[in-house]
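S.K.: Take this sequence and fold it.
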Amino acid sequence: YVEFIYDWPGFDAHDTIPSNICLEGKAPTIEQVTAYFDNTDCVHPVAAGSSNVYGSNSLFRGRLYIGQEHARRLEEQLRNRDQRGIVTIRQRDDGSFTPIRIRFRPLTPAEVNFRNASEGRPFVPLPPNIVAPSGNPPPSLQSAP
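M.R.: Residues are numbered from 1 along each chain as shown. Model (predicted):
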């Protein structure tokens, strides 16, 4: 699986995400997200699920289950800070939701400028991890005397 943090339109990264939000816009585009306290005021409610792996933080953090064959490619894409990940969710009438896919797009020039200004300096990514065989034999599964 891949873990990520949601960036809901209408909330700043430093805002506290409420336990119930209302998605505004027409699928597949979420134009705005607002807090709500009454189901009748929202056409597309989403709620933090107590049964979710993140419980009350499930509107802040997400987890997408993927096959191993896609994991390395997705891992590399997630490390690339010059693109934005876009999560597609399946929303249910009861307010529960499930992330089903992540796709990527390049950051706009405005997003790059905002990111660099926020950090005070341009981001320089770390080189990829290099995994090389050590030359040592694999550990034995024999029990110790």
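S.K.: Which residue ranges of this structure form helices?
M.R.: Under the criterion DSSP state H, the chain contains helices at 68-79, 109-119.
S.K.: Using JSON lines, please lay out the ones you listed together with distance to residue 57 and mean neighbour count.
M.R.: All C-beta spots, glycine's among them, are computed from the backbone N, C-alpha and C. Formatted as JSON lines, the helices of the chain follow (distance: least, C-beta to C-beta, whole Å; neighbours: other C-beta atoms under 10 Å):
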{"stretch": "helix 68-79", "distance to residue 57": "19", "mean neighbour count": "11"}
{"stretch": "helix 109-119", "distance to residue 57": "23", "mean neighbour count": "11"}
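S.K.: where's the closest residue in space to residue 52 that isn't next to it in sequence relative to residue 73, distance?
M.R.: The shortest distance from residue 52 to any non-neighbouring residue, by C-beta to C-beta, 6 or more residues apart in numbering, is to residue 58 (4.0 Å). Distance of residue 58 to residue 73, computed by C-beta to C-beta, to the nearest Å: 26 Å.
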